[in-house]
Structures are given as C-alpha cells and as structure tokens.
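# A structural model of the following input is requested.
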Amino acid sequence: EGQLVESGGGLVQAGGSLRLSCSVSGVTFDDYAIGWFRQAPGKEREGVSCIGSSEGSTYSLDSVKGRFTISRDNAENTVSLRMDSLKPEDTAVYYCYAYAYGCRYGEYDYWGQGTQVAVSS
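Here you go, the predicted model:
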C-alpha cells in the first residue's frame, strides 16, 4: 500500500516562496501520477498541480500557473512543488496524492497527511 509523506509547509509573507516535498513509498513510483490538492477552512478541496508518470506531463490550476512548478525525481521517489509569489488565498492544507490512471483531479489512490501553508498579507 502506498504511503506519502509531505514536508516543507510553513508561514510566509505574501510574495514569498515555499517548496513542498512529497516522499512516496510502498508503490512502483514510476507507475503513478503524483499531484497536490489543497483544502482551506470552509472551502472545497481543490486540485492544484499534477505530474504524469513516465511522460512527465504537468497540469496546474489556472490560479497557480506561472507561480507554482511541479517536478518529480524518479530516482528518489519524490515530487516537489515550488511555490513562488504566494498569495493569502493560497493558504490551505496541502496534500500530496498518487493515482495510477494519470492526472485526473478528484481521483486519488493514496494521499498523505497534509502540510499547512499559511500566507500572511
């Protein structure tokens, strides 16, 4: 069974940067698309970004395009989400997930415990 562990969240001022990391174990990493979704208090879960398995195609929410960059290291079984120009509306708990059938927001086989990102204005 897959296990995903996120790290790298924290508190940052608007305009700042954070880098989230997701370490994946228990599955064949190369077979899975890996992505991030977030959930803020009182709001619905929102898919943020995803990177495909072998081909490495990336997909991002319109509101984070040009600010967030997702990448994967198949040798280390990790996925990173670089977040620049952060805004207060990016504040949420960010979860890493894995899905065997590509980047389809809302479809997850496994996900982590989440890491808090807070952006102050």
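
# Quick check: residue 35 is in a strand.
Yes: counting by DSSP: H, G, I helix; E, B strand; the rest coil, residue 35 falls inside a strand.

# Show me what residue 36 is bridged to.
With DSSP bridges as the criterion, the beta-bridge partners of residue 36 are residue 49, residue 96.

# ok, it to residue 23 distance?
13 Å (Cβ to Cβ, to the nearest Å). Placement of C-beta: from N, CA and C, glycine included.

# likewise residue 97?
13 Å.

# neighbour count winner among those two?
More crowded of residue 97 and residue 23, by other Cβ atoms under 10 Å: residue 97, with 25 against 16.

# give me every residue that touches the more buried one.
By Cβ atoms under 8 Å, 6 or more residues apart in numbering, the contact set of residue 97 is 4, 34, 35, 36, 37, 108, 109, 110, 111, 112.

# Could I get the pLDDT score of the fifth one?
Spelled out, that is residue 37. pLDDT for residue 37: 97.

# residue contacts, it?
Neighbouring residues of residue 37 by Cβ under 8 Å, 6+ apart: 45, 46, 47, 48, 94, 95, 97, 105, 108, 111.

# number of nearby residues for the closest residue to the second one other than its chain neighbours?
Computed as Cβ to Cβ, 6 or more residues apart in numbering, the closest residue to residue 46 that is not its neighbour in sequence is residue 38, at 5.5 Å. Residues contacting residue 38 under the criterion other Cβ under 10 Å number 21.

# Which residues in the helix or strand hosting residue 38 does the neighbour count mark as buried?
Using DSSP states H and E, residue 38 maps to strand 33-39. Neighbour counts using 16 or more other Cβ atoms under 10 Å place 33, 34, 35, 36, 37, 38 of strand 33-39 among the buried residues.

# can you pull the contacts of the first one?
Spelled out, that is residue 33. Residue 33 neighbours (Cβ under 8 Å, 6+ apart): 50, 51, 52, 53, 98, 99, 100, 101, 102, 103.

# wait, isn't the first one in contact with residue 59?
Yes: with contacts defined as Cβ atoms under 8 Å, residue 50 counts as touching residue 59 at a distance of 4.9 Å.

# shared neighbours, those two?
In contact with both residue 50 and residue 59: 35, 103, using Cβ under 8 Å, 6+ apart.
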